[in-house]
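Visitor: next one to model:
(2 chains)
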Protein chains: 2
Amino acid sequence: MLARVFLTRVIEPGDEIGGRWLGAFGPSEVARRLREGGPPLPGVSEARWTGLRERAVRADPRRDLAVARDAGVRFVAPGNSEWPAQLDDLGDARPTGLWVRGRPSLRMWALRSVAVVGARACTEYGAHMAGTLAAGLAERGWVVVSGGAYGVDGAAHRGALGAGGATVAVLACGVDRPYPRGHTELIGRIAEQGLVVGELPPGDHPTPSRFILRNRVIAALTRGTVVVEAAYRSGSLVTARAAQRLGRFTMGVPGPATSGLSAGVHELLRGEAALVTDAAEVVELVGEIGELAPVRRGPVLPRDLLEPGARRVLAALPARGAPHPREIARGAQTTEDETIARLYELRALGYVERHGDGWKLTRQAMMSVRGGRASR
Amino acid sequence: MLARVFLTRVIEPGDEIGGRWLGAFGPSEVARRLREGGPPLPGVSEARWTGLRERAVRADPRRDLAVARDAGVRFVAPGNSEWPAQLDDLGDARPTGLWVRGRPSLRMWALRSVAVVGARACTEYGAHMAGTLAAGLAERGWVVVSGGAYGVDGAAHRGALGAGGATVAVLACGVDRPYPRGHTELIGRIAEQGLVVGELPPGDHPTPSRFILRNRVIAALTRGTVVVEAAYRSGSLVTARAAQRLGRFTMGVPGPATSGLSAGVHELLRGEAALVTDAAEVVELVGEIGELAPVRRGPVLPRDLLEPGARRVLAALPARGAPHPREIARGAQTTEDETIARLYELRALGYVERHGDGWKLTRQAMMSVRGGRASR
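Guide: Numbering: from 1, shown residues only, chains lettered A, B, ... in the order given. Next comes the predicted model:
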């Protein structure tokens, strides 16, 4: 764990050579070799090895963890119970670990998430579509993932937040360091109501290549990627193509044929991407496998595997009626904020659904209870 | 021939039972049975047979031909040298014959044609796209076929005419009787510079079912159909689906996801239709087989098979240079109007191309001349 914290300070996101080292030698050994020097690990020149060694010498994982803790940031690594297993699809480009800010479980939220990405310099139309799509996805219990950037990304996050829904910003810098500056407040709100995640350790800066490589995390984390507006050669198309390669759904929102900001989306739609015009159409696609996948898979759903906080909230829900989170919080002996975060997780797993201002058990959850009892 | 003229007055467009009669007994025999009475031909009730007989009794094909001739309208039937062979793909729903107004050869023009259709109550965006697409197609030597209606159809015809290009209106009424009335002038211009065609004899009225059935002719006549704007259940989608069934290219121009007038197109794009945003993309698709297909097929291209008028115009073109139609007309010993009409036909076959105000032989035409000489 400490070795992986150390490595996020030394190895760049998406570095496949570093990924191969981790697979071959394990994080502790790779960290030791980088710290203690000696001959380079396979696949890098002396010069690159020296560069990595310089970073290694300056790295202080204990201090990084302390700084993170103070900023309300935790470190989630492969093997950790909060690690989203779908990131393993990235192979050697799998993140060394993720820095996470916000209450909910990243693993749970990722299970039922869709990326909404697009142009920074989007049009009014693009912002409108991103916001409407995200709100619609949020209302249907889906988590909206985006990159926290200006334009489409921001509109998507705001749409989800505005609908009282769940959203995740994946940053290309330290998650304690909002970028862009103009989104400091928005990213703060996302951290309050949702999750802000990234591969880079506290205080680290974004770079052009980090922006590009961040996109693979957005693509891998989610069940599908919707591109709202994108010019030719836009970064959002990188996300879409990564999603395609990873076997995720790739979707595009059409726009006027006269708009250069829709040209990239139209190019995508000429290929494998599906044309979508509203949230219902997105859910129809990603829901095919997404809707009840955890139920069918089995190991994720059983109540015994839920973390204790979520289990307590679930136990506080009555068989009938849809109480307000305030009431549920009393039954679960926790805060209302904590309860809301857990309710969203439970929704991601198909246990609960919103009903006006309240929350109730789903039919599936009721059946699983009855089924459980009958089989005893 | 006279029998088919008679039958266009008696049998409704697209009547597949009538089509089967023609296949089984031939037009003369079907006409005789309808005129003389007796037991019904197979597949119709006594009542329907009586209805057809009533029409047959009033039909006067010689008068229809005379009226047509006075209006500058000719009758083109299967077997006629101007008959577009691709209409045979309609099988039993093949038109009995077509009434044609305008100088060019329908057969030649259809070889290199694309349908541009869409909503009558289109938006400014739809009208703009239809006009731009049609102009671009015309500039690339493609004939723009549409239905002469308000909205997208009208914009497409105007776009082609404005670019000095070729356009064909397929009407759901007698071609001497422009419909809609508000397009009297436009349809007149199309008849002057292009072609106005239809299945119905002089003076006949449009009906809802005739509009729908007219669409199959547009689909069959062309290499592909582009739908510009169409609501759900729009008639243009009928044309697009007919094109699809006939193995023609089906294309759609995307629009804002918020526009109800693009919803039908987006539905189409979710299926087999290709997304196109400009004329170059349309030509890239339909040109795959269209561009030089007559050359490869053989029987259409050889100069000996050209009609004498076109052959004279072709012979009047110099090996070098791009003379004005006025000059070519002098060489071909005909009028400038006639020359222009023939030049468009020759362009449809890949013989000539426009060059500023003038016309010149294509490289293919030059090569076919050289090839011809070398092989002697």
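Visitor: quick one: low-confidence ranges for chain A?
Guide: Applying pLDDT under 70 to chain A picks out residues A:288-305, A:364, A:367-376.
Visitor: need the residues of it near chain B, please.
Guide: Counting by C-beta under 8 Å from any C-beta of the partner chain, the positions of chain A adjacent to chain B are A:125, A:128-129, A:253-258, A:262-263, A:266, A:269-270, A:274-278. Where C-beta positions appear, they are placed from N, C-alpha and C, glycine not excepted.
Visitor: could you tell me which of those residues count as buried?
Guide: Applying 16 or more other C-beta atoms under 10 Å in any protein chain shown to those, the neighbour count classes A:125, A:128-129, A:253-257, A:262-263, A:266, A:269, A:274-278 as buried.
Visitor: returning to what we had before: and the residues of chain A next to chain B, which of them are in strands?
Guide: Applying DSSP state E to those, the entries found in strands are A:274, A:275.
Visitor: which element follows the helix or strand containing residue A:192 toward the C-terminus?
Guide: Using DSSP states H and E, residue A:192 sits in helix A:184-193. Later in the chain than helix A:184-193, the nearest helix or strand by DSSP H and E is strand A:195-198.
Visitor: dump the C-alpha coordinates for that following strand into PDB.
Guide: Below are the C-alpha coordinates for strand A:195-198, written out as PDB (Å, rounded to 0.1, in the frame of the first residue of the first chain):
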ATOM      1  CA  LEU A 195     -16.500  11.800  -5.600                       C
ATOM      2  CA  VAL A 196     -13.400  13.500  -6.900                       C
ATOM      3  CA  VAL A 197     -10.700  11.000  -8.000                       C
ATOM      4  CA  GLY A 198      -7.400  11.000  -9.800                       C
END
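Visitor: ok, residue A:275 to residue A:227 distance?
Guide: Going from residue A:275 to residue A:227 by C-beta to C-beta, to the nearest Å gives 11 Å.
Visitor: repeat that for residue A:166.
Guide: Relative to residue A:227, residue A:166 is positioned 21 Å away (C-beta to C-beta).
Visitor: next one: residue A:181
Guide: 25 Å.
Visitor: quick one, which of those two is more surrounded?
Guide: residue A:227 (28 against 8; other C-beta atoms under 10 Å in any protein chain shown).
Visitor: show me where chain A has its strands.
Guide: So, for chain A - with DSSP E - the strands run A:73-76, A:98-101, A:113-117, A:143-146, A:167-171, A:195-198, A:224-227, A:249-252, A:274-275, A:352-355, A:358-361.
Visitor: please parse chain A into its domains.
Guide: Following automatic domain parsing, one finds the domains of chain A at A:1-59, A:86-290, A:294-374.
Visitor: just name the most buried of these.
Guide: domain A:86-290 (a mean of 23; mean count of other C-beta atoms under 10 Å in any protein chain shown).
Visitor: any idea how far it is from the middle of the chain?
Guide: 9 Å (C-alpha atoms, centre = their mean, to the nearest Å).
Visitor: so residue A:6 touches residue A:58, yeah?
Guide: No: contact criterion C-beta atoms under 8 Å: residue A:6 and residue A:58 do not qualify, at 10.9 Å.
Visitor: residue contacts, the closest residue to residue A:285 other than its chain neighbours?
Guide: In this structure, residue A:285 finds its nearest non-sequential neighbour in residue A:249, 5.2 Å apart by C-beta to C-beta, 6 or more residues apart in numbering or on different chains. Applying C-beta atoms under 8 Å, 6 or more residues apart in numbering or on different chains, we find residue A:249 in contact with A:223, A:224, A:225, A:243, A:274, A:285, A:286.
Visitor: show me what residue A:249 is bridged to.
Guide: residue A:224 (DSSP bridges).
Visitor: and the spatially closest residue to residue A:191 that is not a sequence neighbour, what does it touch?
Guide: For residue A:191, ignoring the flanking residues on the chain, the nearest one in space by C-beta to C-beta, 6+ apart is residue A:101 at 4.7 Å. Listed by C-beta under 8 Å, 6+ apart, the contact set of residue A:101 reads A:71, A:72, A:73, A:74, A:175, A:176, A:191, A:195, A:196, A:197.
Visitor: how far away is residue A:101 from chain B?
Guide: For residue A:101, the distance to chain B equals 33 Å [C-beta to the nearest C-beta, to the nearest Å].
Visitor: same question for residue A:355.
Guide: 29 Å.
Visitor: also residue A:26?
Guide: 47 Å.
Visitor: again, but for residue A:206
Guide: 31 Å.
Visitor: go ahead and confirm that residue touches residue A:171.
Guide: Yes: using C-beta under 8 Å, residue A:206 is in contact with residue A:171, at 7.4 Å.
Visitor: shared neighbours, these two?
Guide: Common neighbours of residue A:206 and residue A:171 (C-beta under 8 Å, 6+ apart) are A:179, A:200.
Visitor: now residue A:132: closest residue in space, sequence neighbours ignored.
Guide: residue A:159 (6.5 Å).
Visitor: tell me the contacts of the one you found?
Guide: Counting by C-beta under 8 Å, 6+ apart, residue A:159 touches A:130, A:131, A:132, A:133, A:134, A:135, A:138, A:144.
Visitor: change it to 10 Å
Guide: A:116, A:127-138, A:144, A:146, A:165, A:167, A:279 (C-beta atoms under 10 Å, 6 or more residues apart in numbering or on different chains).
Visitor: quick check: the residue lying closest to residue A:178 once chain neighbours are set aside vs residue B:72, distance?
Guide: Excluding its sequence neighbours, the residue lying closest to residue A:178 (C-beta to C-beta, 6+ apart) is residue A:187, at 4.0 Å. Between residue A:187 and residue B:72 the computed distance is 72 Å (C-beta to C-beta).
Visitor: hmm, back to that, how far away is the residue nearest to residue A:285 from chain B?
Guide: Counting by C-beta to the nearest C-beta, the gap from residue A:249 to chain B is 13 Å.
Visitor: hang on, the earlier thing: how close does the residue nearest to residue A:191 sit to residue A:75?
Guide: Distance from residue A:101 to residue A:75, by C-beta to C-beta: 11 Å.
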